[in-house]
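Trainee: okay, structure incoming, though there's no sequence with it:
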């Protein structure tokens, strides 16, 4: 019989890989990470009221970001992954709120916020982050963003396989976690060895897509307008 904890960890790992790391480059990921960050922050701030308008704007923002990043077909994985913290908040806040409606409201806010953050992560372009770092003089860190996007999914998949192998051997869960940790260190060592001679010669180039930039500015304008209006209403 499958270990339920091992099974849960494997499911979460697969959801993270599919919700965050699947997909390829797209025109929508050639905008500014600064604009994208500002958009997510103002959208999350607007969710403090959770009325029909703020909820609608947040949903439109999520859908547009996922379409731009070419990940709309993967939204089921994003929703399932976001439901984990949402369900946790509903259950843990219920003893304090003593109101199912109030706890569900908190859960919905957490759900939308989680999906927004996932949409933010998949919309980031690691090359653009490296490009910005090069412009502000942080040349020793240029390799970090693409390195993370490349290595993390490999580590997660190896962790899943290690846990499965340990279950087939009827060994403890902790052994699978230990093997995964060792494999992670090996990945890091191999990449460091391969990139050591090139790390000081990296010169990232990035082109901005005008359409993507304008769409982000439009979404920021809509969210900011709602924020300014809501200040006077509330």
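Mentor: Thanks, I have the structure now. On a predicted model such as this, the values are computed, not experimentally measured, just so you know. Residues are numbered from 1 along each chain as shown.
Trainee: quick one, helices of the protein?
Mentor: 4-16, 33-46, 52-68, 75-97, 100-123, 126-135, 144-168, 173-195, 210-233 (DSSP state H).
Trainee: any idea of the angle the fourth one forms with helix 4-16?
Mentor: In this case it means helix 75-97. Angle between the axes of helix 75-97 and helix 4-16 is 120 degrees (criterion: axes from the mean of the first three to the mean of the last three C-alpha atoms, to 10 degrees).
Trainee: again with the fifth one
Mentor: On the basis of the same axes, to 10 degrees, helix 100-123 is oriented at 50 degrees to helix 4-16.
Trainee: average pLDDT across helix 100-123?
Mentor: Average pLDDT, helix 100-123: 92.
Trainee: all numbers from here: first residue = 591
Mentor: Fine by me, first position is 591 from now on; the one you just mentioned is helix 690-713.
Trainee: that helix packs against which elements?
Mentor: Applying 3 or more C-beta pairs under 8 Å, 6 or more residues apart in numbering; DSSP states H and E, one finds that helix 690-713 makes contact with helix 623-636, helix 642-658, helix 665-687. Backbone N, C-alpha and C define where each C-beta goes, glycine included.
Trainee: what does stretch 606-617 rub up against?
Mentor: Applying C-beta atoms under 8 Å, 6 or more residues apart in numbering, the set of residues contacting stretch 606-617 from outside is 658-661, 664, 667-668, 670-671, 708, 711-712, 715, 739, 742-743, 746-747, 799, 801-802.
Trainee: now the end-to-end length of it.
Mentor: Looking at stretch 606-617, the gap from its leading to its trailing residue is 23 Å under the measure C-alpha to C-alpha, to the nearest Å.
Trainee: the chain - how does it break down into domains?
Mentor: If you go by automatic domain parsing, the domain ranges for the chain are 604-609+616-715+797-824, 716-795.
Trainee: what's the most buried one of those?
Mentor: When neighbours are counted by mean count of other C-beta atoms under 10 Å, the highest per-stretch mean among the domains of the chain falls to domain 604-609+616-715+797-824, a mean of 17.
Trainee: what lies in contact with stretch 815-824?
Mentor: Contacts of stretch 815-824 with the rest of the structure, by C-beta under 8 Å, 6+ apart, involve 632, 635, 636, 639, 643, 644, 647.
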